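**Student:** Here you go, sequence then predicted model.
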Amino acid sequence: MVSKKKSDINDKSDYGDKISKIYLTTCQKYDNYLQYFCQRFSNNNKPVFTDQEVITIYLFCTGVEHKYKIKEMYNFIKDYWLDWFPKIPSYQAFNNRLNRLSEVFKHISIEQILIGMSEQRELSINILDSCPIVTCKGNGKGKVARDFTDKSYCSSKKMWYYGVKLHALGAYQKGTLPYLKDYIVTKASENDLSVFKENWQELTDTCFIADKIYQSAAVNEVLKSNNSEMITPIKMKKNKSEVLKQRDFAFESLYNKAVSSIRQPIESFFNWLNEKTQIQYAGKVRSNKGLFVHIFGKIATALLFENLF
């Protein structure tokens with residue numbers, strides 16, 4: 001990346017400072033570990049337009065300029081920042097280079113999670129939820145990344161969609177967004193409880209707060225053996241007499257409201273992530289690699305910028 005004179009940077013307010021900080025941070029991380037996750041299919045280990053520049057453009061356009069489509073990012077750089085990136089290749093070459101970097105973005109997000117965890121003192125209360133990442137809305141068949149996406153219904157948004165599902169485990173923090181401890185990406189139809197059993201039910205000394213879909217007697221037994229527990233809203237039992245319904249209604253309503261108030265910040269986290277990156281809308285993705293860049297790139301941008309700026 002070619003540096004500009006200080007007077008030129010000032011002409012673009014603090015954007016020059018931000019893009020410089022992103023580039024320097026990217027270079028440092030690239031030298032330390034990211035270079036080992038870049039796919040190289042030729043002997044050209046030192047391309048004229050570097051991986052660091054590709055990563056910088058994606059992070060800058062997503063996190064600062066709020067450009068979420070690859071074509072939009074490319075055109076923006078060509079129109080306004082070409083003097084900073086004079087060696088930028090054709091759009092097709094840029095897109096191909098970017099699609100090789102999904103593992104890079106994934107490991108940036110993992111590093112940010114680990115940095116945050118090292119700063120946390122109390123992580124024993126965890127909240128769970130999932131959100132859709134949509135490649136195609138409605139009942140039509142999705143045509144993109146079909147070996148990794150499928151069809152499902154999102155009850156909170158009352159819609160059928162093709163795509164994937166982002167499952168998140170967050171540490172509860174009173175009065176603010178939960179701290180993201182882990183995330184899993186699955187096909188859209190993957191059951192939330194199944195994902196929990198495969199990935200998180202063995203965690204010890206932990207209180208999980210979740211919605212009703214995570215209720216399971218078998219899971220509760222496993223959690224109990226690990227000195228953990230799952231707290232969910234109470235399901236209204238069927239075949240109750242009217243007297244019992246009235247007796248239990250007040251308690252169950254109060255209990256469910258309390259559980260929901262603790263669990264609600266994980267929904268706020270998804271809203272925050274989507275506002276920052278538009279991660280839930282992947283309708284312009286055209287390949288498996290493009291989908292992975294969309295998911296991991298958006299998460300990496302949001303978490304990195306939270307720590308960087």
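**Tutor:** Received, thanks.

**Student:** so who does Thr149 touch?
**Tutor:** Applying CB atoms under 8 Å, 6 or more residues apart in numbering, we find Thr149 in contact with Thr135, Gly142, Tyr162, Gly163, Val164, Lys187, Ala188, Leu291. The C-beta positions use only the backbone N, C-alpha and C, and glycine is treated the same way.

**Student:** From those, keep the buried residues only.
**Tutor:** Buried by 16 or more other CB atoms under 10 Å: Thr135, Gly142, Tyr162, Gly163, Val164, Ala188, Leu291, out of the contacts of Thr149.

**Student:** so of the residues you listed, which ones are in helices?
**Tutor:** Among these, the members found in helices (DSSP state H) are Leu291.

**Student:** want to throw the contacts of Thr149 into a markdown table with distance to Ala258 and pLDDT?
**Tutor:** A markdown table is the format used below for the contacts of Thr149 (distance: CB to CB, whole Å; pLDDT from 0 to 100):
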| residue | distance to Ala258 | pLDDT |
| --- | --- | --- |
| Thr135 | 37 | 94 |
| Gly142 | 39 | 76 |
| Tyr162 | 36 | 94 |
| Gly163 | 33 | 95 |
| Val164 | 32 | 96 |
| Lys187 | 33 | 96 |
| Ala188 | 31 | 96 |
| Leu291 | 38 | 96 |
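
**Student:** which among those residues gets closest to Lys106?
**Tutor:** Taking CB to CB as the measure, Leu291 is the one of the contacts of Thr149 closest to Lys106, at 12.5 Å.

**Student:** Could you verify my assumption that the closest one touches Val285?
**Tutor:** Yes. Judged on CB atoms under 8 Å, Leu291 makes contact with Val285 at a distance of 4.7 Å.

**Student:** Now do the shared contacts for these two.
**Tutor:** Looking at what touches both Leu291 and Val285 (by CB under 8 Å, 6+ apart), the common residues are Thr135, Val144, Ala145.

**Student:** I figured the second one hits Cys136, correct?
**Tutor:** Yes. With contact defined as CB under 8 Å, Val144 counts as touching Cys136 (7.3 Å).

**Student:** Leu177 touches Trp272, doesn't it?
**Tutor:** Yes. Judged on CB under 8 Å, Leu177 makes contact with Trp272 at a distance of 6.0 Å.

**Student:** tell me which element the residue nearest to Tyr30 when sequence neighbours are not counted is part of?
**Tutor:** Leaving aside its sequence neighbours, Tyr30 sits nearest to Gln52 (CB to CB, 6 or more residues apart in numbering; 5.2 Å). According to DSSP states H and E, Gln52 maps onto helix 51-63.
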